[in-house]
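*Asks:* Give me the fold of what follows.
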Amino acid sequence: MSRQLRQWWGSRTLPFRITTVVGVVALIALLGLSRLGVGLLYGTMIGAADAELRGVAHGTAVQLATGTPATAVRSPEVRVVDSAGEPVDGGSPLPLSPAQVRDLAAGKAITAGHLKELRRWLAISAVTPDGSTRLVVVTADIVGGVTLLAHAAVGFVVGALLVAAVVVLAAWVATRAALRPVDRMRTAAAVLPPGERLPVPLPRDELRSLAEEINLLLARRDEAVARMERFTGDAAHELRSPVAAIRAQAEVAVAHPDPEFSQESLQSVAEEAARLSTLLSDLLALARADAGQRPAAEPVDLVAAARAAIERTKGSGADEPVLQLVAPTPAHALASPSEVALVLDNLIANARRYARSLVRIGVLPARRSVRLLVEDDGPGIPEADRQRVFDRFLRLSPEAGGGAGLGLALVAALVRGRGGSVTAGASSSGGARIEVRWPAPDPASSRRPEDEPPRAPGARTDPEQGQETGRESRESPGSGG
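*Replies:* Down below sits the predicted model:
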C-alpha cells in the first residue's frame, strides 16, 4: 500500500505536491494553534473560578473558626462536611463520589457533573472552637463558561480551515507563478535553433543556474551534432572511394570478358573490398569506443601482445622494414586483449607505412603505468601536426598509400577510454615516435599461476625468441593514421 501511495504521489504534478504539502502543514499548525488557544481560555476561566471559590471558602472558614454554627453558613454553593465527606451542616449528602471527596480533602479542585450541569468544586480545611476539623466545600456553576469555550473552539476550527484554504490558494498561485519562467524556458528551448542559447536571468538564483546548465547542454549537443556531421561526411567520402573503385572494376570486367584482364580486375576488386572491410571495422570500433562499450579491463601481457602483433605482420618482402621488439622486463597493461591487439596493429601498420628500414617497438614498465613506444626511421611528424595527427580521417601524406586516417584516432580513443594517454613526438633517428601510456594493474591482480602464463590473443609459443627480436613484416590488417 505504501509503495502504491509513493507511486501515486510521485506521478502528481509539482504544483499539486507543493500545494498539498503547504496546505497540510498549514492546517495542522492552525489546528494546533486553535487547540492551544482553547486550552489557554479554559485555563483562564478555571483559574478565575478557583480564585473566586477560594475567597468564599476562606471567608466561611473564618466564620467557623469564630464559632459560627455550620448550619448558619450553609447555602447551595457552600457546604460543611467532616473529613469523611459526611455533611455536618444539616444538608443532603454531596453529589460527589468518595474518590472526589478525597481529592477535595487533599486540596485539589475538581470539575464534576454532566455537560449541562457542570460545576467546579473546591474545599479548604477549617478548625472549629471545639477543635474539630471541618471541610468547607464551595461550588460554582461553569456551564456558561464551558459553552462559551465550545463556541470559541468551533470558531477557532472554522477559522483554521478558512485560513488553511487561503494558504493553499496562495501556495498554488505562488507555485504556478514561480514555475512560469521554467515553462517559458522549456518552450524556448524546444524551438531554439542550433547555435542559439537561452537568455540568462539577471538574478543569481536557481533559474539562472538552470539556464546556464541548459546552455552548456545545448553547447555540448551542437558540438556533438557538428562532430557527427563531420564524421558522417568524412566516412561517406572515404566509403565512396572503395565502392566506386569496386564498381568501376566490375563494369570493366563485364565490358571486357577477357580471362586474363578479368583476373586483374578481380584482384583489384578484392584489394578494394579488403580496404573497405578494414575501414568499416575501424568505424565500428570507433563508434563502440565513443559509446563507451568496452569489455571489462584485465591485466594484459604487453610483451606477449607485441610479439603476437609482430607475428601477424610478418612478410617476405626484402624491402620491407624490420620490426624490432625491445622489452627489458615483463609488463602488464590494464585493458582488454582485443584493445591491446588493435592498438598494436594500428601503430605498427602506421610506422611500417612511413619507415625506411626499421620499426622499433618498446615496452617499458613504469610505477603506475606501462609505456608502449613505436618508433620508425621515416620522415617523422611535423611538430605543428603532432596534436592533430590523432584526428579522424587525417592523412598527413596521402601519397604514402593505404589507410583511411582512422588508425591513430582509434588508438587514441581506445587508450584514453582506459584512462591512458597517447602522444606523438620524434625518434632519435628523426622519424615518428608514438608513445602510449596504459594504467598498470596492481601487482596482486597481475599474478597468475605458473602453469598458466599470460598470453596475448593470437600469440604463438616461440621458445627461441628472446626479449629483443627483429622480424620481417607484411602489411598489418589495421589501418594507419
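*Asks:* For the stretch 51-200 of the chain, which segments count as helices?
*Replies:* Secondary structure of the stretch 51-200 of the chain (DSSP state H, counting those that start in this stretch): helices at 70-73, 98-105, 143-190.
*Asks:* Nearest to W9, out of those helices?
*Replies:* W9 lies closest, by C-beta to C-beta, to one member of the helices of the stretch 51-200 of the chain: helix 143-190, at 16.2 Å. Where you see a C-beta, it was placed from the backbone N, CA and C, and this is true even at glycine.
*Asks:* what's the distance between that closest one and the middle of its chain?
*Replies:* What separates the centre of helix 143-190 from the centre of its chain is 34 Å, taken as C-alpha atoms, centre = their mean, to the nearest Å.
*Asks:* Where does the prediction get shaky in the stretch 1-150 of the chain?
*Replies:* 1 (pLDDT under 70).
*Asks:* Adding mean neighbour count, write the helices of the stretch 51-200 of the chain out as a markdown table.
*Replies:* Compiled in a markdown table, the helices of the stretch 51-200 of the chain are given as follows (neighbours: other C-beta atoms under 10 Å):
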| stretch | mean neighbour count |
| --- | --- |
| helix 70-73 | 16 |
| helix 98-105 | 16 |
| helix 143-190 | 14 |
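*Asks:* To E212, which of these lies closest?
*Replies:* With C-beta to C-beta, the closest approach to E212 among the helices of the stretch 51-200 of the chain belongs to helix 143-190: 11.3 Å.
*Asks:* Give me the helices and strands touching the following helix or strand past the closest one, please.
*Replies:* Using DSSP states H and E, the helix or strand that follows helix 143-190 in sequence is helix 206-255. Where contact means 3 or more C-beta pairs under 8 Å, 6 or more residues apart in numbering; DSSP states H and E, helix 206-255 is packed against helix 143-190, helix 259-290.
*Asks:* Return the helix or strand where L5 lies as CSV; C-alpha atoms alone will do.
*Replies:* Using DSSP H and E, L5 maps to helix 2-10. Extracted C-alpha coordinates of helix 2-10, given in CSV (Å, rounded to 0.1, in the frame of the first residue of the first chain):
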residue,chain,number,x,y,z
SER,A,2,2.8,2.4,0.9
ARG,A,3,4.5,1.6,-2.5
GLN,A,4,1.3,2.4,-4.4
LEU,A,5,0.9,5.6,-2.4
ARG,A,6,4.5,6.6,-3.2
GLN,A,7,3.9,5.8,-6.9
TRP,A,8,0.7,7.8,-6.9
TRP,A,9,2.4,10.7,-5.1
GLY,A,10,5.4,10.6,-7.5
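*Asks:* Centre of the chain to it, how far?
*Replies:* Distance of helix 2-10 from the chain centroid (C-alpha atoms, centre = their mean) equals 21 Å.
*Asks:* re earlier: reformat the helices of the stretch 51-200 of the chain into TSV and put distance to S281 next to each item.
*Replies:* TSV is the format used below for the helices of the stretch 51-200 of the chain (distance: least, C-beta to C-beta, whole Å):
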stretch	distance to S281
helix 70-73	117
helix 98-105	97
helix 143-190	39
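*Asks:* Nearest to V62, out of these?
*Replies:* Here helix 70-73 is closest among the helices of the stretch 51-200 of the chain (C-beta to C-beta), at 10.1 Å.
*Asks:* Could you list every helix and strand that that closest one packs against?
*Replies:* Counting by 3+ C-beta pairs under 8 Å, 6+ apart, helix 70-73 packs on helix 14-65.
*Asks:* Just name whatever secondary elements the helix it packs on is in contact with.
*Replies:* Of the remaining helices and strands, those touching helix 14-65 by 3+ C-beta pairs under 8 Å, 6+ apart are helix 70-73, strand 78-81, strand 119-127, strand 133-141, helix 143-190.
*Asks:* S262: which of those is closest?
*Replies:* Proximity to S262 (C-beta to C-beta) singles out helix 143-190 among those, at 58.7 Å.
*Asks:* Tell me what angle the closest one forms with strand 119-127.
*Replies:* 130 degrees (axes from the mean of the first three to the mean of the last three C-alpha atoms, to 10 degrees).
*Asks:* quick one: low-confidence ranges for the stretch 251-400 of the chain?
*Replies:* Scanning the stretch 251-400 of the chain with the threshold set as pLDDT under 70 gives 260-261, 275, 279, 282, 285-293, 315-318, 393, 395-400.
*Asks:* E375 is in what secondary structure piece?
*Replies:* Assigned by DSSP H and E, E375 falls within strand 369-376.
*Asks:* what's the closest of the helices of the stretch 51-200 of the chain to S209?
*Replies:* That would be, of these and by C-beta to C-beta, helix 143-190, which comes in at 11.8 Å.
*Asks:* which strands and helices sit next to the closest one?
*Replies:* Applying 3+ C-beta pairs under 8 Å, 6+ apart, one finds that helix 143-190 contacts helix 14-65, helix 206-255.
*Asks:* Pick the most buried one from those helices.
*Replies:* Comparing those by mean neighbour count (mean count of other C-beta atoms under 10 Å), helix 14-65 comes out on top with a mean of 15.
*Asks:* got the angle between it and helix 143-190?
*Replies:* Interaxial angle of helix 14-65 relative to helix 143-190 (the same axes, to 10 degrees): 160 degrees.
*Asks:* Please tell me how far helix 14-65 is from the chain's geometric centre.
*Replies:* Mean-position distance between helix 14-65 and its chain equals 50 Å (C-alpha atoms, centre = their mean).
*Asks:* how near is the residue sitting nearest the centre point of the chain to V225?
*Replies:* Nearest to the mean C-alpha position of the chain, counting by C-alpha atoms, centre = their mean, stands E213 at 15.6 Å. Remark: distance between E213 and V225 (C-beta to C-beta, to the nearest Å) = 19 Å.
*Asks:* One more: E339?
*Replies:* Using C-beta to C-beta, E339 is found at 28 Å from V225.
*Asks:* And F16, by the same measure?
*Replies:* In terms of C-beta to C-beta, F16 sits 37 Å off from V225.
*Asks:* what do you get for T71?
*Replies:* According to C-beta to C-beta, T71 and V225 sit 108 Å apart.
*Asks:* Same check on A109?
*Replies:* As judged by C-beta to C-beta, A109 and V225 stand 84 Å apart.
*Asks:* quick one: E298 from V411, how far?
*Replies:* Plainly put, E298 is 19 Å away from V411 if you go by C-beta to C-beta.
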